[in-house]
Structure formats: C-alpha cells, structure tokens
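Engineer: task: produce atomic coordinates for the following.
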Amino acid sequence: MSSIYPVLSGALAQEKKLEVITNNLANVGTTGFKKDVAIFEALTPILTDAPGTEIQANNILLGADASFGLLKQVSTDFSEGAIQVTGEPLDLAIHGEGFFALETPEGQRYTRDGHFTLDAEGQLVNMRGYPVVGSGGPISLPPGVVSIDASGNISVKGTEAGATLVEIDLLPIFTVSNSENLRKTGGGLFEVISGSAEPFFEGRMQQGAIEGSNVNPVEEMVAMIQVMRLYEAAQKAMQTADEISGKAANDIGVVK
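Structural biologist: Model (predicted):
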C-alpha cells in the first residue's frame, strides 16, 4: 500500500494546481488582475544504508526511486494585461511596472486596477471607496474637466466661463524592488510584506483606459484539461495498486 503515497502526493498537487487555475479563470474579466502560477517540487526521501533504522524501513517500503510532488509556492505573474480604452476621464492604466496606492482600513495597499470615481466629498476613490493616494495624501478634485498626463499630473478646468486649467495634484506610481515582497490581499489589492514601496518616476499612465486581466483563458483551459487528465491517471494508478495489494493479501499463499 505504501506505493500509493507518491501517487497520492501527485494527485493532491494537481488538486492545488486546479484551485489556482479555477481562480485565474474566475478573474478573466477582473480589471488589473494578475494571474497566479503554482510551482511544484519533487521531494525524494533521504536514503541510508543503516540497517534497522526507521529511514531504512521506509526505504524498503517506498523504494529507492520514490519521489513526492509538493506545492512549493503560488507565485504571481505581474506581466501587463491588455489596455482597454474606456474614454472615462477618471479611468487610468499603467504602462509597464508600478501600482496605484490606496488608503484602506488595513493600511496602504497597491493595485493595478485604475477604475476610479469620485465620492460624495470629491475624493478620488476606487470602486470600494478607498481613497487614491496623491503626493500628499488622498486626492480631492473640484468640479470641472479632469486631465491627467502620462506622469500623473492632475489638472482640472473649471465649469465657469473663461476658466483655465489648474494643476491640482500628482498621482504617483509606486514600485517595490522585489515582486516577491508583494502579497495578494483580495479585491485586486497587494500588501508589501517586506521592505517598502517607493515612487517610480519613470512610470507612464494613460487616461481614459484600464488594464485588463493578464489571464489567457485558452491557456488556462488547456492547463485545466491537462490537470484533470493527470488527476484521473493518478486515481487509476491508486486503484490498480489497491487491487494488487488486495490480491497479494488474499490470493498469494492460499493452498488449493
């Protein structure tokens, strides 16, 4: 029966991969979503020739070539999604690296989702109502026509006759030195778990556009089919091993 364990570990690994793929597919239409990738490693038991040890006993049971499939980590793919033009003046898309910063009840969070609006107080917020961070804190905009250039400079032209374009604030783009220091917290938000995020002055943004999800649905569907086939193969292998063990226990050595 111990021969089932390596196969079982592989089946469990495929279950984890299926969870990741399913979540990716569920967010194909989510603005600024970054897909996850399951990374696995093969673990081979450490062998020893010392007779009578527990490891030696496990060696005999599992076999010298036994290896186990384990989930090493779930990594986020930060590649850029397709830019979708909306024409909405408060929609923003980032070209290249970087994130918008938001003030949330849990602290500052970062996102690629630039689908913004104004709340009742005239603050620039995301769809959950979290204020967007400007050069000196939350950004408040007066009534008028909003213009945002590629560097994030925000200007507003008032509604009164003869009004001129007035610069209001700067919307910075932030980056972290290592993407491994970012952790998803849900809702398209990321938390910096080590180090800090710093303003990125080489970032470019586009007004009237948003960044789509970087999930390729065709690739994810192909990966899902492969996972299901591997899982089915593992199930059959475990069933066969169980049948062989049953025959060995019940038929071998029976005097007829």
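
Engineer: find the nearest non-adjacent residue to Lys184, please.
Structural biologist: Sequence neighbours aside, Phe190 is the residue nearest to Lys184 in space, at 6.0 Å (criterion: CB to CB, 6 or more residues apart in numbering). Using the backbone N, CA and C atoms, a C-beta is placed for each residue, glycine as well.

Engineer: the one you found: which element?
Structural biologist: In this assignment (DSSP states H and E), Phe190 forms part of strand 189-192.

Engineer: helix, strand or coil for the closest residue to Ala101 other than its chain neighbours?
Structural biologist: Nearest non-adjacent residue to Ala101, counting by CB to CB, 6+ apart: Val133, 3.8 Å away. Per DSSP: H, G, I helix; E, B strand; the rest coil, the local secondary structure of Val133 is strand.

Engineer: re earlier: tell me the contacts of the residue nearest to Lys184?
Structural biologist: For Phe190, the contacting residues are 99, 109-111, 182-184, by CB atoms under 8 Å, 6 or more residues apart in numbering.

Engineer: give the bridge partners for it, please.
Structural biologist: Under the criterion DSSP bridges, Phe190 forms beta bridges with Tyr110, Lys184.

Engineer: any idea how far Gly158 is from it?
Structural biologist: 36 Å (CB to CB, to the nearest Å).

Engineer: the nearest residue to Thr30 once chain neighbours are set aside is in what secondary structure piece?
Structural biologist: In space, and not counting its chain neighbours, Thr30 is closest to Ser213: 5.3 Å by CB to CB, 6+ apart. Taking DSSP H and E as the definition, one finds Ser213 inside no helix or strand.

Engineer: now for Ser213: which residues touch it?
Structural biologist: Counting by CB under 8 Å, 6+ apart, Ser213 touches 27-35, 81.

Engineer: just the buried residues of the residues you listed.
Structural biologist: Buried members of the contacts of Ser213, scored by 16 or more other CB atoms under 10 Å, are 27, 30-35, 81.

Engineer: give me the element Glu160 is part of.
Structural biologist: In this structure, Glu160 sits in neither a helix nor a strand according to DSSP H and E.

Engineer: returning to what we had before: immediately after the strand holding Phe190, which helix or strand?
Structural biologist: For strand 189-192, the following helix or strand on the C-terminal side (DSSP H and E) is strand 198-199.

Engineer: by contact count, what packs against that next one?
Structural biologist: In terms of contacts (3 or more CB pairs under 8 Å, 6 or more residues apart in numbering; DSSP states H and E), strand 198-199 is packed against strand 174-175.

Engineer: just checking, what packs against the strand it packs on?
Structural biologist: strand 198-199.

Engineer: next, the contact list for Val133, please.
Structural biologist: Per CB under 8 Å, 6+ apart, neighbours of Val133: 100-103, 108, 139, 172.

Engineer: among those, which are in strands?
Structural biologist: Secondary structure defined by DSSP state E assigns 100-103, 108 of the contacts of Val133 to strands.

Engineer: which of the residues you listed lies closest to Met127?
Structural biologist: Nearest to Met127 among those, counting by CB to CB, is Leu102 at 10.8 Å.

Engineer: residue boundaries of the helices in the protein?
Structural biologist: Listed in chain order, the helices of the chain (DSSP state H) span 4-26, 54-62, 217-250.

Engineer: outline the domain layout of this structure.
Structural biologist: Listed by automatic domain parsing, the domain ranges of the chain are 4-77+215-241, 83-211.

Engineer: ranking the ones you listed by mean pLDDT, which is last?
Structural biologist: When the domains of the chain are compared by mean pLDDT, domain 4-77+215-241 comes last with a mean of 74.

Engineer: mind listing what the nearest residue to Gly122 once chain neighbours are set aside touches?
Structural biologist: Nearest non-adjacent residue to Gly122, counting by CB to CB, 6+ apart: Ser140, 5.1 Å away. Ser140 sits next to 121-124, 168 when contact means CB under 8 Å, 6+ apart.
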